[in-house]
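>>> With the input below, show me the fold.
(2 chains)
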Amino acid sequence: MSDTPDPVVARNPSETVASFEHHSRGALDRVQHFLHRFPTMVPVIVLLLSVAVFGLVSPNFFSAFNLSLILQQVAVVGTLAAAQSLVILTAGIDLSVGAVMVMVSVIMGKLSVDFGIPVPIAILIGLAVGGATGALNGALVTRLKLPPFITTLGTWNIFLALNYYLSNRETIRSQTLDAEAPMLKFFGERFSLGGAVLTYGVVLMILVFAVLWYALNHTAWGRRVYAVGDDPEAAALAGIQTKRVLMSVYIVSGAICALAAWSSIGRVGSVSPTSFFEANLESITAVVIGGISLFGGRGSILGPLIGALIVGVFNSGLRLAGVDVLWQLFATGWLIIVAVAIDQWIRKISS
Amino acid sequence: MTQPLLYARNLVKRYGRVTALDHADFDLYPGEILAVIGDNGAGKSSLIKAISGAVQPDEGEIRLDGQPVSFASPLEARRAGIETVYQTLALSPALSISDNMFMGREIRRGGIMGKWFGMLDKPAMDAFARQKLSELGLMTIQNIGQPVETLSGGQRQGVAVARAAAFGSRVIILDEPTAALGVKESRRVLDLILDVRSRGIPIVLISHNMPHVFEVADRIHIHRLGRRLCVINPKEHTMSDAVAYMTGARVPEGVAA
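Numbering: from 1, shown residues only, chains lettered A, B, ... in the order given. Got it, this is the predicted structure:
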């Protein structure tokens, strides 16, 4: 830092062009700046606080078993939230993720059980279908320039209808899967780690987040996803092919939905075309509570993982405390509103 | 006389019945600051867009270093070394200074991590960004990982100019760089412009601010009614001359009325 440059004699460009202005800040201002730098700290603090509070209220809450149960419960929606995060980072929203997931689980189940296709191939086809649904959403958003909200509201209905058509509204039962396609239930299998009991679905969720974290923070693709979400015009002028980036985001997101589909079969134990009806909104909830801005370009991918855990902790904690289920919804509602309010407040810094 | 680095003749651009460029000419010589001034609607921005690849002229010829060129997009112009700093700056506010400088041309790591996993070489990019900023006297930005939105207007302009000057560019076009800035910050940006020129990179400066234009420009291209009216030397003309030519109140010597 130069020693207080005189602005009048700024003829010499060195050291003066970009000096910082150090004015003292209030405590609240400092909190705002801190959260602006580390937006994920909000959900982290909320998670730690809620774990502490529920731990005090109900002694059973703190057992490794209960905590690992929470992980199991959020595994599917958490994986879906990873897919949702990518789209929301580009200032979009994907209302179709849940429908894609259920439809792909039906496709994986139908192909393996009714059509006798080897399970690994059925899974690969399911993943490809997931990517294709993303490509459809992406094409509608980038080529026809439809708003993502409307696009995915439309495709949500379409995929739901296809899901009912393909499944004939019939569930593939657990016993049938055990007999003919046990691999589909892989992510429901449990293993114990210390006192905790985890499923491979939990591992999958964590892996998906880890890979996305790497891709978003350490590859050119990731930086471009943020740039496109932050200010698409600026990104285009800076030489980024924004449509291509958006397209890739929707395709990857669709493929992650398909992974979540596989995981959901293990979680439910069967293939049910009517399961996870609220998964769309639950995934958005996790992303918003996780501190990713709905206006795009801001927030860490690890936030939604924590967001999903917060919802899980609230649900488990309130249940153990013997509170009526309706209060779980009530609490989640307030969490969303507070999260978005904090996001707005943090964003004010830029003006 | 040396050969112009960037040369255009008889550029025509029509939008329906409106002729934005009416056989416009343009010359930029190596190492100079050429200001482009003109009334609103005179076709300055169409001229600049044609040169920077944002618009494709219907007729006419553009040469870069003597070679005929035609740019289908700003990206192509940029690859040829013509960098534009837009009035909006085209920076991503939430991303870091370093991320912004390398937007669209990131450096990957060597080895397996870079080749197969596309891992970025952040230390190299940060070091390069820091070096470029300090070359332009912007060293007091200490934290290269700082988001651009936490910088002042002048600092942002500095980052955008540094980005334009950093990648072996041959021409930098600055669109109204001081329009949104206060007196002090404008001063710093003008110094920055002079500094870039002293590195041998010629600059096209589009500005409405006559004092700024007269202070830094070596020559002034006056655009009127879709074409180049004249080029004047700021040392031989006054600001009121320039404004009179620009608005048509007076006709410069040697130009047919």
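>>> From now on I want contacts and neighbour counts done on CA atoms only, so please keep to that.
Noted.
>>> What is the neighbour count of the spatially closest residue to B:Ala244 that is not a sequence neighbour?
The shortest distance from B:Ala244 to any non-neighbouring residue, by Cα to Cα, 6 or more residues apart in numbering or on different chains, is to B:Arg250 (5.2 Å). Residues lying near B:Arg250 (other Cα atoms under 10 Å in any protein chain shown) number 13.
>>> In terms of pLDDT, where does B:Arg250 sit?
The model reports B:Arg250 with a pLDDT of 86.
>>> Three-state assignment for it, please.
State at B:Arg250, reduced to three classes by DSSP: H, G, I helix; E, B strand; the rest coil: coil.
>>> quick one: it and B:Ser240 touch, right?
No - judged on Cα atoms under 8 Å, B:Arg250 makes no contact with B:Ser240 at a distance of 10.1 Å.
>>> for the chain, which spans come out with low pLDDT?
Since you didn't name a chain, this refers to chain A. Residue ranges of chain A with pLDDT under 70: A:1-25, A:349-351.
>>> my question was about chain B
B:1, B:139-142, B:255-257.
>>> So which residues on it come close to chain A?
B:74-75, B:88-95, B:99, B:103-104, B:106, B:117-120, B:134, B:136-142, B:149-150, B:154-155, B:158, B:184-185, B:187-189, B:191-192, B:195 (Cα under 8 Å from any Cα of the partner chain).
>>> now those: which count as buried?
When the residues of chain B next to chain A are checked for burial by 16 or more other Cα atoms under 10 Å in any protein chain shown, the buried set is B:74-75, B:89-95, B:99, B:103-104, B:106, B:118-120, B:134, B:136-141, B:149-150, B:154-155, B:158, B:185, B:187-189, B:191-192, B:195.
>>> tell me the phi and psi of the residue nearest the centre of chain B?
In chain B, the centroid-proximal residue (Cα atoms, centre = their mean) is B:Ile173; its distance is 1.2 Å. Per-residue torsions, B:Ile173: phi -100, psi 120 (degrees, to the nearest 10).
>>> List the contacts of it.
Shown in contact with B:Ile173 (Cα atoms under 8 Å, 6 or more residues apart in numbering or on different chains): B:Ile48, B:Ile82, B:Glu83, B:Thr84, B:Val85, B:Ile203, B:Val204, B:Leu205, B:Ile206.
>>> Mind checking which of those residues land in strands?
B:Ile82, B:Glu83, B:Thr84, B:Val85, B:Ile203, B:Val204, B:Leu205, B:Ile206 (DSSP state E).
>>> what about A:Arg30, which helix or strand?
Assigned by DSSP states H and E, A:Arg30 falls within helix A:27-37.
>>> got it, and A:Leu198?
Per DSSP H and E: A:Leu198 is located in strand A:196-199.
>>> helices or strands next to whichever helix in chain B runs longest in the packing?
Counting residues, the longest helix in chain B under DSSP state H turns out to be helix B:183-198. If contacts are counted by 3 or more Cα pairs under 8 Å, 6 or more residues apart in numbering or on different chains; DSSP states H and E, helix B:183-198 sits against helix B:153-166, helix B:210-216.
>>> Return the residues of the stretch 151-300 of chain A in contact with chain B.
Within the stretch 151-300 of chain A, the residues that sit near chain B (Cα under 8 Å from any Cα) are A:218-220, A:223-224, A:226-227, A:230-231, A:233-235, A:237-240, A:297-298.
>>> Quick one: buried ones out of those residues?
The neighbour count (16+ other Cα under 10 Å) marks A:218-220, A:223-224, A:226-227, A:230-231, A:233-235, A:237-240, A:297-298 as buried among these.
>>> Report the closest residue of the stretch 201-350 of chain A relative to chain B.
Nearest residue of the stretch 201-350 of chain A to chain B (Cα to the nearest Cα) works out as A:Ala234 at 3.8 Å.
>>> For the residue lying farthest from the centre of chain B, give me its contacts.
Distance from the C-alpha centroid of chain B peaks at B:Ile112, with 38.3 Å (Cα atoms, centre = their mean). By Cα under 8 Å, 6+ apart, B:Ile112 lies in contact with nothing.
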